[in-house]
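Undergrad: what follows is a protein structure lacking sequence information:
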């Protein structure tokens, strides 16, 4: 069946009718009414939509789960799955100047959709294709689907920002963001792993508060004496007495230090060595027998009520400030998932996740309106923005590039929802200059820091404090400014964020000539190993150059014209004030 620009295929009993088409400001939205029969649903028959665009100007592709792969696969490559707890249904194809050529997004961000774009060998066109099954729409035999197409010659970050706003306009409104969700976080994961106890948490919190952190996250280990990683001891969510004999008193002591307290939970995981395993051993979605861990199935009312009860008790009894709700993306469609049975009150996994998250967040917010809720890649779609207010880059310990890629990928999609870096960590013998490059890589996020503060050498401590203070002082420009990250296909070579009369630009590729928008006050940050930055800028400026610790190494008035070489040391920055 041909409908507008789409080739649509489906089985007998199904139909796809274009209800209307809306064109505005260079974007076209096609609204379809889809229908099917009960028999189609029982067979899980799919709708398949295809459209094509010429491979003209298109060189790269982006989707929210692409990582550092920005190539365009052939049309016979596999689909990428998107659903409420995994990914977001949008693909963007763009040229070598980071300019959009074809962006497609779907309104259906809760149910499972499978989306891909690939080059057709026979004619050099890009085939964009997506499918959506019908069984997941429990006892429902119709739905509406809007398809957003943007062919405007604008930057990728502009195209994706508009997709994010479109999703918001469809009712996927982001969760309330308290100011503390934008404050730098001290995380205990890389620094302590599972070796946490009330003493070392409180002592480190004293050091963290003195350094300028106001929020801490205590990660895995508080609930077990086991230190073998994995999740075999998760599920009961009771503090291990040998580490935290009185959790409420401990949290109060941390509050008295001046730190907010966020506690980690691996939401769906239950381990063999727990009471929860005995209680729920017939209510698992999947099993990993080798690791002695299992995924709870939220389609059971008992599972949802159990988890919510654990969070409510922790919040009310221990006076927590929030939760790090981990591994929600383990609730995904898989052939290994348990089949539906009549003991489940919600047949669809996506519906069950939505009901659980909605009920849980509403209840927790009712108790504590300014609650902090950290989620992580890849559960970062528009539906998840309704529930969380801290979205963190996926785990990438010590990885400059992945942290930077994840940070900018999330910033392009998350609108005003705060994006957090993965926790920063480094070897004790690494230089402060190299460690500074990790911080500069995540300059436009909320910093999460996870290096033991009493083990830092003097220079690394001074560098960390300089950048922590800079990111705090410039929070509005860095987090709420007009962010422009360039060259996603090259792991982002540079970026700038502009707000009012201020521009903060960072460069990540040696000898990349950057051309930031001229403002009254500018900061040029050197995120490369070279001791120079090439800058295309015109005008007379007071120029102050600082090293990675913020120490001033030169001050002068300079007339800049054309391409200028600024001797900014690696990990350092220049402050430019226009005259």
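TA: Perfect, I can see it now. If you're wondering where the values come from, they're calculated on a predicted model, not measured in any experiment. Numbers count the residues shown, from 1 in each chain.

Undergrad: can you pull out the strands in the stretch 151-300 of the chain?
TA: For the stretch 151-300 of the chain, the strands defined by DSSP state E, counting those that start in this stretch occupy 185-187, 215-218, 260-266, 269-271, 284-288, 293-296.

Undergrad: who does the fifth one touch, helix- and strand-wise?
TA: In this structure, strand 284-288 packs against strand 293-296, with contacts taken as 3 or more C-beta pairs under 8 Å, 6 or more residues apart in numbering; DSSP states H and E. For every residue, glycine as well, the C-beta is placed using N, CA and C.

Undergrad: follow-up on the earlier one: would you turn the strands of the stretch 151-300 of the chain into JSON lines with mean pLDDT?
TA: JSON lines is the format used below for the strands of the stretch 151-300 of the chain (pLDDT from 0 to 100):
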{"stretch": "strand 185-187", "mean pLDDT": "98"}
{"stretch": "strand 215-218", "mean pLDDT": "98"}
{"stretch": "strand 260-266", "mean pLDDT": "98"}
{"stretch": "strand 269-271", "mean pLDDT": "97"}
{"stretch": "strand 284-288", "mean pLDDT": "93"}
{"stretch": "strand 293-296", "mean pLDDT": "96"}
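
Undergrad: turn these into a markdown table, including mean neighbour count and distance to residue 534.
TA: As requested, the strands of the stretch 151-300 of the chain are arranged in a markdown table below (neighbours: other C-beta atoms under 10 Å; distance: least, C-beta to C-beta, whole Å):
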| stretch | mean neighbour count | distance to residue 534 |
| --- | --- | --- |
| strand 185-187 | 28 | 34 |
| strand 215-218 | 25 | 37 |
| strand 260-266 | 23 | 41 |
| strand 269-271 | 25 | 49 |
| strand 284-288 | 18 | 50 |
| strand 293-296 | 26 | 50 |
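
Undergrad: quick one: closest of these to residue 458.
TA: For residue 458, the closest of these is strand 185-187, at 19.4 Å, according to C-beta to C-beta.

Undergrad: chain center to that closest one, what's the gap?
TA: 17 Å (C-alpha atoms, centre = their mean, to the nearest Å).

Undergrad: name every strand pairing with that strand and say which way it goes.
TA: In the sheet containing strand 185-187, its partner strands are strand 215-218 (parallel), strand 448-449 (parallel), by DSSP bridges.

Undergrad: picking up where we left off before, present the strands of the stretch 151-300 of the chain as TSV; the columns should include distance to residue 494.
TA: Converted to TSV, those look like this (distance: least, C-beta to C-beta, whole Å):
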stretch	distance to residue 494
strand 185-187	26
strand 215-218	29
strand 260-266	32
strand 269-271	40
strand 284-288	42
strand 293-296	41
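
Undergrad: of all those, which lies closest to residue 507?
TA: Proximity to residue 507 (C-beta to C-beta) singles out strand 185-187 among those, at 26.0 Å.

Undergrad: quick one on the thing from earlier: between the strands of the stretch 151-300 of the chain, which gets nearest to residue 129?
TA: Proximity to residue 129, assessed across the strands of the stretch 151-300 of the chain by C-beta to C-beta, is greatest for strand 284-288 (27.8 Å).

Undergrad: got a list of contacts for the closest one?
TA: Surrounding strand 284-288, the residues in contact under the criterion C-beta atoms under 8 Å, 6 or more residues apart in numbering are 268, 270, 293-299, 330-331, 334, 336-338, 349.

Undergrad: who's residue 392 bridged to?
TA: Applying DSSP bridges to residue 392 gives these bridge partners: residue 376, residue 420.

Undergrad: tell me, how many residues neighbour it?
TA: Using other C-beta atoms under 10 Å, residue 392 is surrounded by 28 other residues.

Undergrad: check contacts around it.
TA: With C-beta under 8 Å, 6+ apart as the criterion, the residues that contact residue 392 are 374-377, 419-422, 448.

Undergrad: next, the buried residues of stretch 532-547.
TA: Going by neighbour count (16 or more other C-beta atoms under 10 Å), the buried part of stretch 532-547 is 533-535, 537, 541, 543-547.

Undergrad: what does stretch 489-509 give?
TA: For stretch 489-509, burial by neighbour count (16+ other C-beta under 10 Å) applies to 489-499, 502-509.

Undergrad: name the residues that touch the host helix or strand of residue 540?
TA: Per DSSP states H and E, residue 540 falls inside strand 539-546. Applying C-beta under 8 Å, 6+ apart, the contact partners of strand 539-546 are 518, 522, 552-560, 566-569, 572-579.

Undergrad: what lines up beside it in the sheet?
TA: The strands beside strand 539-546 in its sheet (DSSP bridges) come out as strand 552-560 (antiparallel), strand 573-578 (antiparallel).

Undergrad: can you list contacts of the shortest one?
TA: Contacts of strand 573-578 from elsewhere in the structure, counted by C-beta under 8 Å, 6+ apart, are 470, 518-526, 533, 537, 539-546, 566, 568.
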